[in-house]
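Enquirer: Sequence and predicted structure below; questions after.
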Amino acid sequence: MLRGEPQPQQILERITVPHTIYQWKRDAQQRSLARNLQSNNRTALESAFQRGLAVVGYERDPQGNGTFLLGPWKNASEI
């Protein structure tokens, strides 16, 4: 449970999903780009989780690219 203002998180890694992935998925000739990116991002996320990191945030830039923000997880009692 979050109380009060959100506390800043230490961001150690970022994993980006470009906005063009949606176009890649619709286009049969580019679909392999989406599959490769998703596979690489899955591997990166699994590696981060194995090292004790968690997704502590997600942001989108003005162009629509998304970024998973990874850092150490803090329990409510630690905040």
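Expert: Cool, got the structure.
Enquirer: contacts and neighbour counts: CA atoms only from here.
Expert: Will do.
Enquirer: show me the contacts for the most centrally placed residue in the chain.
Expert: The centroid of the chain falls nearest to F68 when counting by C-alpha atoms, centre = their mean (1.9 Å). Going by C-alpha atoms under 8 Å, 6 or more residues apart in numbering, F68 touches R14, I15, T16, V55, V56, G57, Y58, E59.
Enquirer: could you flag which of those residues are buried?
Expert: Buried members of these, scored by 16 or more other C-alpha atoms under 10 Å, are R14, I15, V55, V56.
Enquirer: Among the residues you listed, which pair sits farthest apart?
Expert: Greatest spacing in the buried ones among the contacts of F68, by C-alpha to C-alpha: I15 and V56 (11.9 Å).
Enquirer: residues bridging contact with those two, i.e. touching both?
Expert: F68, L69, L70.
Enquirer: Correct me if wrong: A48 contacts A54.
Expert: Yes - here A48 lies in contact with A54, judged by C-alpha atoms under 8 Å, at a distance of 7.2 Å.
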